[in-house]
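>>> How does the following fold in three dimensions:
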Amino acid sequence: MAETTEFELVSPERLVMSASVEMVVIPGSEGDFGALPRHAPMITAVRPGVIDVYRGGKVSDRIFVAGGFVEVTETRVTVLAEEALAVSDLVAEEVEKRVGAAVEALQEADSDAARHLAERGLAVAHAMKDALLARKAH
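Alright, predicted model coming up:
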């Protein structure tokens, strides 16, 4: 049996996942990285994208996160996500509405703070759209 690490994914609403896993691939702020058992301790930001959870030698779960932070220790990976949902739960029409709303918010931004918030929303919406397109390709 493969060595495992504990993985927890928490969103503001709920505990999304808590499981023993072989590996988790996380969209870090500096690029994707895999966290395995006995990983060197680290804390880093998570960019909008998909977390791939490996169990049984293959990807068992794919979860979209809108960003957040991850703490990795030798025995545990904890992701605190701004928003999280299974890639399989993404709905094309809702994602397109979200992209449209983000574009509109960016066009209506009347301050640097509003523009920054709208740009962040647009980046999340585009990452969600990319996750949906990747799901269809598999």
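
>>> how's this protein carved up into domains?
In the assignment given by automatic domain parsing, the structural domains of the chain cover 5-87, 90-137.

>>> backbone phi and psi for the residue sitting nearest the centre point of the chain, please?
Nearest to the mean C-alpha position of the chain, by Cα atoms, centre = their mean, lies Val65 at 2.5 Å. Comment: the main-chain dihedrals of Val65 come out as phi -120, psi 140, following degrees, to the nearest 10.

>>> mind listing what it touches?
9, 27, 46, 48-51, 79, 81-84 (Cβ atoms under 8 Å, 6 or more residues apart in numbering). Yep, even glycine has a C-beta here, placed from its N, CA and C like the rest.

>>> Which strand residues bridge the closest residue to it other than its chain neighbours?
Ranked by Cβ to Cβ, 6 or more residues apart in numbering and with sequence neighbours excluded, the top spatial neighbour of Val65 is Ala81, at 4.2 Å. When bridges are taken as DSSP bridges, the partners of Ala81 come out as Gly68.

>>> that older thread, columns mean pLDDT on top of the domains of the chain, output as a markdown table?
Supplementary listing: those in a markdown table, determined by pLDDT from 0 to 100:
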| stretch | mean pLDDT |
| --- | --- |
| domain 5-87 | 96 |
| domain 90-137 | 91 |
